[in-house]
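> Turn this into a structure:
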Amino acid sequence: MNTNWIKVFIAALFEVFWVIGLKHANDFWTWGGTVIAIIISFYLMIMAGKNLPVGTVYAVFVGLGTAGTVSSEILLFGEPFQAEKVLLILLLISGVIGLKIVTNDYAKESEGA
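Coordinates of the predicted model:
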């Protein structure tokens, strides 16, 4: 797997952290952690976007972040389980996987030239 895609996946993980932080932060340390997660998340996404198609990077970043946030709310914070939500998350993840599969890396294209 290309290291740029790993950056996107890690950025999406940090997106989950900062979105949860926006909802649950209540003191200096939790707000500080939220800000750090935002900085790391966007930095990694921007770095990956320099070598991968930006639209695809953003779609994968937001899709994984959304799926992770909804899953975290259900598993960690007592959000009611709804089969419809899980089905839609699976649909979203399948779209993200599809985008990843059909997207060529710029690095691969430039190597052949």
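
> can we go C-alpha only for contacts and neighbour counts from here?
OK.

> Report the separation between Asn26 and Glu84.
Going from Asn26 to Glu84 by Cα to Cα, to the nearest Å gives 31 Å.

> do Ile36 as well
Applying Cα to Cα, the value for Ile36 to Glu84 is 33 Å.

> Equivalent analysis for Ile46, please.
For Ile46, the distance to Glu84 - Cα to Cα - is 33 Å.

> buried set for stretch 11-26?
Residues Ala11, Ala12, Leu13, Phe14, Glu15, Val16, Phe17, Trp18, Val19, Ile20, Gly21, Ala25 are the ones in stretch 11-26 that count as buried (16 or more other Cα atoms under 10 Å).

> what about that stretch, average pLDDT?
Averaging pLDDT along stretch 11-26 yields 94.

> roughly how far is that stretch from the heart of the chain?
11 Å (Cα atoms, centre = their mean, to the nearest Å).

> residues contacting the residue nearest the centre of the chain?
Closest to where the C-alpha atoms of the chain average out (Cα atoms, centre = their mean) is Ala12, at 2.1 Å. Shown in contact with Ala12 (Cα atoms under 8 Å, 6 or more residues apart in numbering): Ser41, Phe61, Val62, Leu64, Gly65.

> quick revisit: show me which of Ile36 and Glu84 is the more surrounded one.
Using other Cα atoms under 10 Å, the more surrounded residue of Ile36 and Glu84 is Ile36, with 14 against 9.

> For Ile97, state which of the buried residues of stretch 11-26 is nearest.
The nearest member of the buried residues of stretch 11-26 to Ile97, counting by Cα to Cα, is Ala12 at 13.9 Å.

> State the distance from the closest one to Thr66.
9 Å.
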